[in-house]
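Q: fold the following, please.
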Amino acid sequence: MGVSIGTKVKIHYYLKDDIGNIIGETKKDKPIEFVVGNGDVVKGLEYGVISMVKGEKKTIKIEPKEGHGFIDLNLISEVELSKLPENVKVGDSLTATGENGTKLNVTVASLHDDYAMVHADHPLAGRTLIYDVELVDVE
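A: A predicted model of the protein is given here:
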């Protein structure tokens, strides 16, 4: 019987974006576990495992809408390079302090001569994700 909403699953995955950047993977002896429909993983991954059977392997392509969402232009800021760590590069995750003193996790989006553009979205926002999944167990 295949996976459905409410099914507890264990999967191994290899994750990359649509241009081939490797994002992550599970360890050989440590699959991730989640209940389909509980929102513990991105919607696209939940939808993608529905109807899979134990031992099945599948590639699941997840567009931003069903992944970590689109980049919110309201969460993009320009920051002087002098205020950033010395060897900062595009893709680095940093902690910033907002105007009201709150801590924000930001990602460096681009570097310019004297400033950088950073965004406070999820680091994978706006990216198409490709999961190579193996369904290890179903409960």
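
Q: so what's the residue most central in space within the chain up against?
A: The centre of the chain sits closest to L124, judged by C-alpha atoms, centre = their mean, with a distance of 4.3 Å. L124 is in contact with 17, 23, 67-68, counting by C-beta atoms under 8 Å, 6 or more residues apart in numbering. (C-beta placed from N, C-alpha, C; glycine too.)

Q: render the CA-only coordinates of the helix or strand bottoming out on mean pLDDT in the chain in CSV, please.
A: The least trusted helix or strand in the chain, going by mean pLDDT, DSSP states H and E, turns out to be strand 93-97, with a mean of 88. Provided in CSV are the C-alpha atoms of strand 93-97 (Å, rounded to 0.1, in the frame of the first residue of the first chain):
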residue,chain,number,x,y,z
SER,A,93,24.5,33.3,6.0
LEU,A,94,24.9,36.1,8.6
THR,A,95,23.1,37.3,11.7
ALA,A,96,22.1,41.0,11.5
THR,A,97,20.5,43.3,14.1
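
Q: nice, that's everything, thank you.
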